[in-house]
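A.B. asks: this is a predicted model, with the sequence first.
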Amino acid sequence: MGQYFQPEIECASREEIVAIQNKKLIEQVKHVWENVPYYRKKMEKKGVTPDDIKSIEDLHKLPFLSKKDLRDAYPYGLMGVPKSECVRIHSTSGTTGKRVVAFYTQGDIDLWEECCARAIVAAGGSKDDVCQVSYGFGLFTGGAGLNGGSHKVGCLTVPISSGNTERQIMFIQDLQATIICCTPSYAAYLGESMREMGLGPDDIPLKAGIFGAEAWSEEMRRDIEKTLGIKAYDIYGLTELSGPGVSFECSEQTGMHINEDHFIAEIIDPDTEEVLEDGQWGELVFTAIDKKAFPMMRYRTRDICRLSREACSCGRTHVKMEKPRGRSDDMLIIRGVNVFPSQIETVLLENGYQANYQIIVDRVNNTDTLDVHVEMTPEMFTDNVTDITKAQNELVAGLKSMLGLKAKVTLVAPKSITRSEGKAVRVIDNRKI
Amino acid sequence: MSVKQISIFLENKPGKMCEMTEVLAQNKINMRALSLAETDGFGIVRIIVDDVYEATTVLKDASYINKLTSVVIVEIPDVPGGLNQVLKVFAGAKINLDYMYALATETGEHAYMVFRVNDHKAAEAALEKAGIRVIAQEEISTL
């Protein structure tokens, strides 16, 4: 197996991709019309029937689904096949309200795992690799998705899940793991722990990492690449659309190829809901065209993103999406300014701190306050109060110029910020609005 | 002749100093001098101990960030004007003091002061010239 897991699909011509999409979309619209009364009602309300959808050109006629629909239809309202046809559920962490519960037929799982397999091969993986899956297993999609993908590629798969950092490092060394899959914050934590154990990048055989499920910056990528001695690849997905693998990075590392034979991407203006042209920033909307149990139609991801159809040097022809600027679920509006945690992370790394931080938002006398807690590091600590305060003020200035608002920076003790070993808790919003 | 002082990063919150001294207590580390520089959000605790290696090891194991800094410890006669004599030497040699604090002793004859200065070599040379005794690392446990 070479550079691609499914070259005939991954490198198909635009005409071939559009032909696949047309065929699958028409079938999928019929499927939801017949099997998902919740969505059928939405279509009827908009005056659309399956006959109106003759090709992907007609996609814009279909109604949107949003997170609110998922909540309203919870738990079974958006299921597209009888329960007897479903073999599994996965669920989100539910940090922004009710959990999302997504259903899968065996076919849905197969196509999802194939998407993950494409990502692993794009990161240089083959059957000769040992792939350590350090995403959490269970309801979370990370572990299951990459584990299945790794099987499909034929890697020797280590389903270690997250946590127990010393055992992680021991397995990497003893089993000679060459690929690791986990959240970027956990990868950074592994690097930090290695350094504490006196281990450097040359002490471990890892060559590549596939990191996703949370926002991370280019600076964090470089940091992880350096401490672990690997090439770090981004992977994107969401439970509503199966999980990781909706799109993935190739060796070019300039955006993630969307698996267009399964998911059609659109960018819309989040306010007017108008479809925008390629290259413009807007909200990412996905239509799953062949997932049967949980068929998401024009699902609004809340991710702010843009698409590029420029030819990629890797040979893949599928459209690329940029790393989302932030999920609008993560986006904070502070004193009327949009703030993404990833922006704060960028400033921290630029100023010599590590990405161990927490953002605490509160409202005092009707004014929002932004307090960024940053862990002190041995590199940044000196005996001189003036020097530390100066670095702290530079951080405040850096945040001001990045965000356009004044933040308070509080230096806290190392390891005092809670690290859930899956997703890091980055934001605490104490405002009572 | 300079002595190694351990500087430790602490959050400026109730109980944080106590947590740190608990680590030292449990490891039977005796502090000979302590000073605290505080700001709004954090503090730097500076301590002088008998066994620097042991103290930094247990602090690091307990996840405390610490750094070693060179300081000068000076023996001062415990009489009115004793400190003033030493400071005159520094002033005369144009040595700037960053900070200073006292060291606990059992004898009443001498007092001991810890100085962080901008130029160690010059400070020690000036003190020597003035006949003032500077304490070495090994001597700390005997004071």
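C.D. replies: Received the coordinates, thanks.

A.B. asks: in chain A, where's the longest helix?
C.D. replies: helix A:14-35 (DSSP state H).

A.B. asks: do the longest strand anywhere in chain B and chain A meet?
C.D. replies: Counting by DSSP state E, the longest strand found in chain B is strand B:66-77. Yes. Strand B:66-77 comes into contact with chain A (C-beta under 8 Å from any C-beta of the partner chain), by way of B:66-67, B:69. In this view, the C-beta of every residue, glycine as well, is placed from N, C-alpha and C.

A.B. asks: among these, which ones are buried?
C.D. replies: When the residues of strand B:66-77 next to chain A are checked for burial by 16 or more other C-beta atoms under 10 Å in any protein chain shown, the buried set is B:66-67, B:69.

A.B. asks: quick one, domains of the chain?
C.D. replies: Because you didn't say which chain, this covers chain A. By the assignment in automatic domain parsing, chain A contains the domains A:1-328, A:332-429.

A.B. asks: hmm, I had chain B in mind actually
C.D. replies: B:3-69, B:71-138.

A.B. asks: need these in a markdown table with mean pLDDT and distance to A:Q392, can you?
C.D. replies: Below are the domains of chain B laid out as a markdown table (pLDDT from 0 to 100; distance: least, C-beta to C-beta, whole Å):
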| stretch | mean pLDDT | distance to A:Q392 |
| --- | --- | --- |
| domain B:3-69 | 94 | 8 |
| domain B:71-138 | 91 | 19 |
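
A.B. asks: go through these and name the closest to A:G255.
C.D. replies: domain B:3-69 (38.3 Å; C-beta to C-beta).

A.B. asks: and the closest one, how far out from the chain middle?
C.D. replies: Its chain's C-alpha centre lies 12 Å from the corresponding centre of domain B:3-69 when counted by C-alpha atoms, centre = their mean, to the nearest Å.

A.B. asks: now do the contacts for residue 108.
C.D. replies: Since no chain was named, I'll use chain A. A:242, A:291-294 (C-beta atoms under 8 Å, 6 or more residues apart in numbering or on different chains).

A.B. asks: meant chain B actually
C.D. replies: Going by C-beta under 8 Å, 6+ apart, B:G108 touches B:D78.

A.B. asks: confirm that it sits in a strand.
C.D. replies: No. Under DSSP: H, G, I helix; E, B strand; the rest coil, B:G108 falls outside any strand and is assigned coil.

A.B. asks: dump the residues of strand B:66-77 next to chain A to a markdown table, plus distance to A:D108.
C.D. replies: Formatted as a markdown table, these follow (distance: C-beta to C-beta, whole Å):
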| residue | distance to A:D108 |
| --- | --- |
| B:N66 | 54 |
| B:K67 | 55 |
| B:T69 | 61 |
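
A.B. asks: so A:I333 touches A:R363, yeah?
C.D. replies: No. A:I333 is beyond contact range of A:R363, at 11.8 Å (criterion: C-beta atoms under 8 Å).

A.B. asks: among these two, which residue is more densely surrounded?
C.D. replies: The residue with more neighbours, out of A:I333 and A:R363, is A:R363; 15 against 11, by other C-beta atoms under 10 Å in any protein chain shown.

A.B. asks: my read is that that one contacts A:T369, right?
C.D. replies: Yes. The pair A:R363 / A:T369 is scored as a contact, 7.0 Å apart, by C-beta under 8 Å.

A.B. asks: can you redo the domains of chain A as TSV with mean pLDDT?
C.D. replies: Below are the domains of chain A laid out as TSV (pLDDT from 0 to 100):
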stretch	mean pLDDT
domain A:1-328	93
domain A:332-429	86
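
A.B. asks: just the ones you listed: most buried one?
C.D. replies: Mean neighbour count (mean count of other C-beta atoms under 10 Å in any protein chain shown) peaks for domain A:1-328 among the domains of chain A, with a mean of 19.

A.B. asks: ok, the residue of the stretch 201-350 of chain A found nearest chain B to A:L399 distance?
C.D. replies: Nearest to chain B in the stretch 201-350 of chain A, going by C-beta to the nearest C-beta, is A:L348, at a distance of 16.0 Å. A:L348 sits 9 Å away from A:L399, taking C-beta to C-beta, to the nearest Å as the criterion.

A.B. asks: same check, this time on A:N351
C.D. replies: Per C-beta to C-beta, A:N351 is found 9 Å from A:L399.

A.B. asks: same question for A:K67.
C.D. replies: A:K67 is 29 Å from A:L399, by C-beta to C-beta.

A.B. asks: and A:T157, by the same measure?
C.D. replies: Note on A:T157: its distance to A:L399, by C-beta to C-beta, is 41 Å.

A.B. asks: can you map out the helices along chain B?
C.D. replies: Going by DSSP H, chain B shows helices at B:16-26, B:52-61, B:82-92, B:120-129.

A.B. asks: neighbouring contacts of the third one?
C.D. replies: Residues external to helix B:82-92 that are found in contact with it (C-beta under 8 Å, 6+ apart): B:74, B:76-77, B:97, B:111, B:113, B:115, B:117, B:123, B:126-127, B:130, B:132.

A.B. asks: try it again at 7 Å.
C.D. replies: B:74, B:76, B:97, B:111, B:113, B:123, B:126-127, B:130, B:132 (C-beta atoms under 7 Å, 6 or more residues apart in numbering or on different chains).

A.B. asks: list the buried residues of it.
C.D. replies: For helix B:82-92, the neighbour count (16+ other C-beta under 10 Å) marks B:83, B:86, B:89-90 as buried.
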